[in-house]
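**Student:** With the sequence up front, the predicted model follows.
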Amino acid sequence: MIRNNTQHLYQNLEIVLLGTLGIGTIAWFIKNQVSSRLSHTTTASTKKAEIEQESPKQERNFVKVMQQQGRRVIFFYGSQTGTAEDFAARLAKECTQKYGVSAMTADIEQYDLSYLDTVPDDYLVFFIMSTYGEGEPTDNAVELWNLLTDESPTFSSASNRLENLRYIAFGLGNKTYEHYNEVIRKMDSRLIELGARRIGERGEGDDDGTMEEDFLAWQESMWPAFCEALGVDSGYVQDGSHQAIYKMNELTVYDQAKVYLGEIGEWLKDGSSVVYDAKRPYNAPMTSIDLFKGGDRHCLHIEIDISGTNLSYQTGDHVAIWPTNNEVEVNRLAQVLGLQHKLDTVIHVESIDPAASKRFPFPVPTTYRAVFRHYLDICSAVSRQVLMSLVKYAPNEPLKEALQKLSSDKDIYRERVGDMNRNLGEVLQILAEQASLDVNGAFASVPFDLVIESVSRLQPRYYSISSSSLESPNMITATIVTLQYSPEEGRTVYGVNTNYLWHIHERVNQLTPNNTIPEYSLSGPRDSLFVESKLARVPVHIRRSQFKLPRNTSVPVIMIGPGTGVAPFRGFVRERVLQKKQGKSLGPTILFFGCRNRAEDFLYQEEWPELFEVLGEESRLITAFSREEAGKKVYVQHRLMEHGQAMWELLEKGAYVYVCGDAKNMARDVNQTFVKFAQQFGGLDELKSQDYVKNLRSTGRYQEDVWS
């Protein structure tokens, strides 16, 4: 249940409720809503459920596909975490349903983008592109990136011009990073250089808190430009009824052994050669220990065994761990949608659009429970646009007005939903409770296909690998602090994956459970993830990173990593130690590490002395403890400045600089510290000092693995 102190959040609802029907009438209305079937849901009593697999598209020429399907607009997305894909789907739906223009979404890697030169001039191409890492394209956009950044790109007709192409661009980035929206900016400039014509202004979203609002604000000017370009009546609007993009059946006849209960990858035949990747993660054995010494905070050192698989990693890469939603949120959303009594009902969901980039939103057939627990991101803050789409399904007029106000006023939304990180289930539950309605089935009229369409897929969480592939090629380690914070008194928000891993840690190590943390289902689909005694499994895959040690081991290395930012540097240091033992010439290895207190959160405190003893006297661990001295907070950037002369001398010898951790404050301060080095010790003015650090970045000598 939502705590009582949250009920003031919707103060205006009591006023709205004045004049509403009597309580008995409301109860009768809700009861009938619960008993009615969900819209767009039918029961297939004779259909045999078969395993559905997403087969790769045979036709790589996207223009040909558009012409065959009668689509004038295509939405390409470059997505790493699913947000760009979600934005593309939302735009495509609005394009079709609001403006009557047939459109399709497309994963960039599914098509050959050399056919851009054959796009008819009365078509439009959207590019919804995320920037990842050090200004890099997402994994699925590398091929397009390489094509466009080639000095003389060759398109399908042997031309290197795109005068025919009209496009619209939106980028997703984070302003706390050095390379904010670099992918869409470079793509936009390059397309214009090649003769393409952009329609409207390029949009940019900032993931540091305003992404959704940036996206919505951009659309205000984008759609009129879109309509003008295609000769579409901007006043054209379909009726307000929900138009499903998925068709859904509840199955009564099926093979239980072939129902997906949360499995992420497709079914494999016995004896088949398994290739594990982002689309088919490996259920890897995992062990863990808590690195923090007492207190309410926890940091897990986890070890993941990948022996006997095709998986491999390089020092500095990331490990992806697929999370599970907690049972509190699973049951909350199921209850408010009136689905709690049928969570284990088997369903089949398929796109209505034959040209959809994904035929199935998740593995099917499956169950409502599996969808909520494993496939949808039900714990993230619900967007204004999603709330707006639910207005028409409010069970009475006062609730409809309250939901309309919440979704249309961005300030009210930010105060009551965004800043509070309230998810869909929480918002609907609070609205029902404020209206004195039975929460069970209060929003049962919401079509389930709309829920699937509106809530993003649950995505893996990425962590810097803290082991060395040279030292332990079959064992990956990661360093993960559990995320818990209180946006308001009496309410705690729990990180989806970090608390899932902590729950596993408690169970495996037979610790007394922390009853404040929501329960998770640990056994996994068909008991595939949890084994009694000391072994658990988690679904994982590897993501390559450009965050690498210099190939020349004699080059000096300067690493700055406070908190869990030290994770990749543990791998770096261990690798350098092994290289030293192998007799290789090794340059100085300097690590700046910071935490609150050496007695509580000094990560890997017992390891460092032995490692640095092997590295020799030119290498050093330099620490900063922010809460040991009363009234004096010391951070890594302070220690860095104290050793400025020595660091500058290493830079003059070709040192590589690595920064890992918080992008918003620490990484910016560290960057500015190196600018000061160039001024103070290099005798450069401010502008040339900034250029000096930029040159370090462009030549790969200043690398960041940061997050906000």
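**Tutor:** Now that the structure is in, tell me what you want to look at. Residues are numbered from 1 along each chain as shown.

**Student:** So, low pLDDT: which residues of the stretch 51-200 of the chain?
**Tutor:** Scanning the stretch 51-200 of the chain for pLDDT under 70 picks out 51-58.

**Student:** just the chain next, same as before
**Tutor:** By pLDDT under 70, the weakly predicted segments of the chain are 1-58, 234-241, 266-273, 531-534.

**Student:** what about L172, distance to Y254?
**Tutor:** 39 Å (CB to CB, to the nearest Å). Where C-beta positions appear, they are placed from N, C-alpha and C, glycine not excepted.

**Student:** now swap in P609 and tell me
**Tutor:** Separation of P609 from Y254 (CB to CB): 60 Å.

**Student:** So those two - more neighbours on which side?
**Tutor:** Y254 (17 against 9; other CB atoms under 10 Å).

**Student:** which residues of the stretch 251-400 of the chain fall in strands?
**Tutor:** Counting by DSSP state E, counting those that start in this stretch, the stretch 251-400 of the chain has strands at residues 282-290, 299-305, 318-321, 346-351, 366-367.

**Student:** Out of those, the one nearest D139 is which?
**Tutor:** When the strands of the stretch 251-400 of the chain are ranked by proximity to D139, the top entry is strand 318-321, at 11.1 Å, counting by CB to CB.

**Student:** Where do the helices of the stretch 601-708 of the chain begin and end?
**Tutor:** Secondary structure of the stretch 601-708 of the chain, counting by DSSP state H, counting those that start in this stretch: helices at 608-615, 636-642, 644-652, 668-680, 686-698.

**Student:** closest one to V557 among the strands of the stretch 251-400 of the chain?
**Tutor:** That would be strand 318-321 among those, by CB to CB, at 19.7 Å.

**Student:** for the strands of the stretch 251-400 of the chain, which one sits closest to E136?
**Tutor:** Closest approach to E136 among these is made by strand 318-321 (12.7 Å; CB to CB).

**Student:** tell me what that closest one is packed against?
**Tutor:** Applying 3 or more CB pairs under 8 Å, 6 or more residues apart in numbering; DSSP states H and E, one finds that strand 318-321 contacts strand 461-464, strand 475-481, strand 535-543.

**Student:** mind putting those in TSV, mean neighbour count and distance to Q97 included?
**Tutor:** Shown next, in TSV, are those (neighbours: other CB atoms under 10 Å; distance: least, CB to CB, whole Å):
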stretch	mean neighbour count	distance to Q97
strand 461-464	22	33
strand 475-481	22	42
strand 535-543	21	35
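
**Student:** TSV for the strands of the stretch 251-400 of the chain, including mean neighbour count?
**Tutor:** Output for the strands of the stretch 251-400 of the chain, formatted as TSV (neighbours: other CB atoms under 10 Å):
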stretch	mean neighbour count
strand 282-290	19
strand 299-305	20
strand 318-321	23
strand 346-351	20
strand 366-367	23
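
**Student:** in the protein, which helix has the most residues?
**Tutor:** Using DSSP state H to assign secondary structure, the helix with the most residues in the chain is helix 211-230.

**Student:** Show me what it is packed against.
**Tutor:** Counting contacts by 3+ CB pairs under 8 Å, 6+ apart, helix 211-230 packs against helix 83-97, strand 124-132, strand 166-173, strand 203-206, helix 384-389.

**Student:** what does that helix rub up against?
**Tutor:** Outside helix 211-230, the residues within contact range by CB atoms under 8 Å, 6 or more residues apart in numbering are 72-73, 83, 87, 91, 94-95, 99, 101, 122, 124, 166, 168, 170, 172, 199-201, 203-206, 232-234, 383-385, 410, 418.

**Student:** now the angle between strand 166-173 and that helix, please.
**Tutor:** Put simply, helix 211-230 runs at 180 degrees to strand 166-173, going by axes from the mean of the first three to the mean of the last three CA atoms, to 10 degrees.
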